[in-house]
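Give me a 3D structure for the following:
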Amino acid sequence: MKEIYYLCAVFIKLVYRMDAKKILFIAQEITPYLPESEIATICRNLPQGIQERGREIRTFMPKFGNINERRNQLHEVIRLSGMNLIIDDTDHPLIIKVASIQAARMQVYFIDNEDFFQRKHTVCDDNGNEYEDNDDRSIFYVRGVLETVKKLRWIPDVIHCHGWISALTALYIKRMYADDPCLKNAKIVYSIYNDDFNTPFRKEFANKLKTDGAKDSDLKGIKADTSFAGLTKLAIDFADGVIQGSETINQDVLDYIATKKDTPFLPYQSPETYMDAFNEFYDVVLDSK
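Model prediction:
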């Protein structure tokens, strides 16, 4: 009798796992690899909480130069590295590293490149001036994540993006990766935070996206406005669901969200409620057209 109960339990677990949805987290920052912030804290705790609720997860962030590789035990994943990504007619090697958060029983994959990420700071220099090539860095990061997911042969059901460096994800999936079997059916959720940058992206930004496969009709807004608001609106245009990640966000962006009546929207959630609210929101987005 015990054997029958055991076999039934195993069968139930297998069925449950087959039905469990896969959630890919594309983060701008995660603690403990970077100092605590609203995004870094959420992106540390959310994947763990979602995994504990029965989902399968993968998590990515940039390997900024101020991340201590030895202390955090990062190591390169040779089988995933070695690809070159062309941005603005220049080849940039894609290096993939990984580390484990033992307490959460989860791995974090890092997108690395000497040209873009081996600097003393994340998005600004010593004087607080935002890096001029943050536009190229965002393109490289998003493309690097998506190419790595393809190499992993891991098909996400939902891709949850956090921070402006991940804002191009939905555009790339809907246009540049529209025929890719690993990515074409994924639903993209974009969380908007109070992490505005002050220096607009360079005017050539839209042309770089067009070179990668975006259509002119996709880029009307970003051609006119390469600010944080313009980039966020582009993310909203292609997202399947939008979350207000910070209690207060750019008002121009908030007004724009109100015009997107057909896009599921989750208002700001407190630290006590966001875990279950996000988990339920994934199902809302999955069920939407």
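
Where does the prediction get shaky in the chain?
Flagging of the chain using pLDDT under 70 yields the residue ranges 1-20.

partners of the biggest strand by length in it in the sheet?
Longest strand in the chain by number of residues, with DSSP state E as the criterion: strand 90-101. Take DSSP bridges as the rule and strand 90-101 pairs in its sheet with strand 75-76 (antiparallel), strand 83-87 (antiparallel), strand 106-112 (antiparallel).

Let's see the longest one as PDB, backbone CA atoms only.
Provided in PDB are the C-alpha atoms of strand 106-112 (Å, rounded to 0.1, in the frame of the first residue of the first chain):
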ATOM      1  CA  MET A 106      18.800  29.500  -7.700                       C
ATOM      2  CA  GLN A 107      21.400  30.500 -10.200                       C
ATOM      3  CA  VAL A 108      22.000  33.900 -11.700                       C
ATOM      4  CA  TYR A 109      23.400  34.200 -15.200                       C
ATOM      5  CA  PHE A 110      25.500  37.300 -16.000                       C
ATOM      6  CA  ILE A 111      25.900  38.900 -19.400                       C
ATOM      7  CA  ASP A 112      29.500  40.200 -19.800                       C
END
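
Check what contacts it and list those residues.
30, 33, 47-48, 51, 57-63, 67, 74, 77, 94-101, 117-118, 140-141, 144-145, 148 (Cβ atoms under 8 Å, 6 or more residues apart in numbering). Heads up, the C-betas are built off the backbone N, CA and C, glycines and all.

again, only this time at 7 Å
30, 47-48, 51, 57-63, 74, 95-101, 141, 144-145, 148 (Cβ atoms under 7 Å, 6 or more residues apart in numbering).

How about the contacts made by residue 44?
Listed by Cβ under 7 Å, 6+ apart, the contact set of residue 44 reads 30, 31.

Tell me the secondary structure at it.
helix (DSSP: H, G, I helix; E, B strand; the rest coil).

For residue 262, see how far away it is.
Here residue 44 is placed at a distance of 32 Å from residue 262 (Cβ to Cβ, to the nearest Å).
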